[in-house]
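> Have a look; sequence and predicted model below, questions after that.
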Amino acid sequence: MDTFWDDVDRHLVRYGGTFTREIIDSASGSFLFTEDGRRILDFTSGQMSAILGHSHPRIVSTVRRQIANLDHLFSGMLSRPVVDLARRLAATLPPSLSKVQLLTTGAESNEAALRMAKLVTGKHEVVSFARSWHGMTAAAAAATYSAGRKGYGPATPGNFAIPAPSGDWQTQLDLAFDLIDAQSVGSLAACIVEPILSSGGILEPPVGYFAALSAKCRERGMLLILDEAQTGLCRTGTWYAFERDGVVPDILTLSKTLGAGLPLAAVITSAEIEEEAHARNYLFFTTHVSDPLVAAVGNAVLDVLEEERLDEQAAKLGAFLRNGLNDIAARHPLVSDVRGRGLLVGVEIADESLSAPITRKCLELGLHMNIVQIPGMGGVFRIAPPLTATEEELALGLSILDEAIGAVG
């Protein structure tokens, strides 16, 4: 008798939500395959990371080749894949963003970025959005407000939340910083924000907002950190989401999409900030800093993105997806909004009590969806299929979602 779920209950720590009651045996492209032979369309790219789909041939061949040659090194040693990836990432960005540190996760890259900002400015206070998610390590968790703040004792001192923009956002932003100024002890170091708030319900600040936010930071001597864990590397239809807004961050963090499902993250900043950080003895290294194995994967990811022009593909597929979702919304009053950019789209369900049943029905019909439960907002499906998905696969997902909403609503 198979004891899999008994072993789950007996031995696994529950780390957030509930486990999906499927035993995943393999994955390929846009699909997951269960042990009992079910095929499930993956509309979340794993953990919003597998932008090239699962088991992409270029990633598989790169891992096989690299792990047989050079996988891991002492933190002070360097290899060609690491330096190649740093150079190539810098080439995709504005000239001021030229210095790269390679780490493993989004929380780790945000932790390093905040540590660097505090050291360089000589200050410690941090501003972020009230619906933010930046990670679960100390400084990243202190800048995270969408979940996980209750019950763990004091957060890192000096963290402040501002509202995610809505309505008259300029007045809202002015008031938010009036309140920040009133509470600050005169030590504002950084503002860390996502270009599109994902865990916050796929909220996209309007054009002009980030330019105004950047000005608020400059006025106070703060560094602007943009967390593009989910929006970076072509998902929104451009290489980076901040390109739409005509702003350049002081520090950029990448993760999730950079490794296409493998643990790889980056902190990218200017030569001037890096020089000042180094002069002040910047210290941030981990067991897997500058690992050659995942750096080689990052180079393979860039190869595929460039060769297949997946920024353009994401824009095209995003328009197809958005049209299909708008059609669903027009026929189902339960859908109150469709929003997002490229292949990062949110579908808001007006009745929060129906969000989970729709998710379960989707899974039953062969579609994996992720729902963000937001008090007072109902629920928001986060849809982020691989950039390598086909229109036929997106159409299948739309059909299943349409059926699920109709069956539950």
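The structure has been received and is ready for your questions. No experiment lies behind these values; they were computed from the predicted model shown. Numbering: from 1, shown residues only.

> Touching, Leu32 and Phe43? I think so.
No - using C-beta atoms under 8 Å, Leu32 is not in contact with Phe43; the gap is 10.6 Å. To be clear about C-beta, it is placed using only N, CA and C from the backbone, and glycine gets the same treatment.

> For the two, indicate the residue with more neighbours.
Higher neighbour count among Leu32 and Phe43: Phe43, with 27 against 21, using other C-beta atoms under 10 Å.

> Report the contact partners of that one.
Contacts for Phe43 (C-beta atoms under 8 Å, 6 or more residues apart in numbering) come out as 367-370, 383-385, 397.

> Swap in 6 Å and give it another go.
By C-beta atoms under 6 Å, 6 or more residues apart in numbering, the residues touching Phe43 are 369, 383, 385, 397.

> now it: how far from Leu396?
The gap separating Phe43 from Leu396 is 10 Å, by C-beta to C-beta, to the nearest Å.

> Could you list every helix and strand that the longest helix seen in the chain packs against?
Across the chain, the helix with the greatest residue count (assigned by DSSP state H) is helix 310-331. Other elements packing on helix 310-331 under the criterion 3 or more C-beta pairs under 6 Å, 6 or more residues apart in numbering; DSSP states H and E are strand 335-341, helix 391-408.

> Let's see it as PDB, backbone CA atoms only.
These are the backbone C-alpha positions of helix 310-331, laid out as PDB (Å, rounded to 0.1, in the frame of the first residue of the first chain):
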ATOM      1  CA  LEU A 310      10.700  35.900 -26.400                       C
ATOM      2  CA  ASP A 311      10.100  39.500 -25.400                       C
ATOM      3  CA  GLU A 312       8.100  39.900 -28.600                       C
ATOM      4  CA  GLN A 313       6.500  36.500 -28.100                       C
ATOM      5  CA  ALA A 314       5.400  37.400 -24.600                       C
ATOM      6  CA  ALA A 315       3.800  40.600 -25.900                       C
ATOM      7  CA  LYS A 316       2.000  38.600 -28.600                       C
ATOM      8  CA  LEU A 317       0.900  35.800 -26.400                       C
ATOM      9  CA  GLY A 318      -0.100  38.200 -23.700                       C
ATOM     10  CA  ALA A 319      -2.500  40.000 -26.100                       C
ATOM     11  CA  PHE A 320      -4.000  36.600 -27.100                       C
ATOM     12  CA  LEU A 321      -4.400  35.700 -23.400                       C
ATOM     13  CA  ARG A 322      -5.800  39.000 -22.400                       C
ATOM     14  CA  ASN A 323      -8.400  38.900 -25.200                       C
ATOM     15  CA  GLY A 324      -9.500  35.500 -24.100                       C
ATOM     16  CA  LEU A 325      -9.800  36.600 -20.500                       C
ATOM     17  CA  ASN A 326     -11.700  39.700 -21.400                       C
ATOM     18  CA  ASP A 327     -14.200  37.500 -23.300                       C
ATOM     19  CA  ILE A 328     -14.600  35.300 -20.100                       C
ATOM     20  CA  ALA A 329     -15.100  38.400 -18.100                       C
ATOM     21  CA  ALA A 330     -17.800  39.700 -20.500                       C
ATOM     22  CA  ARG A 331     -19.700  36.400 -20.000                       C
END
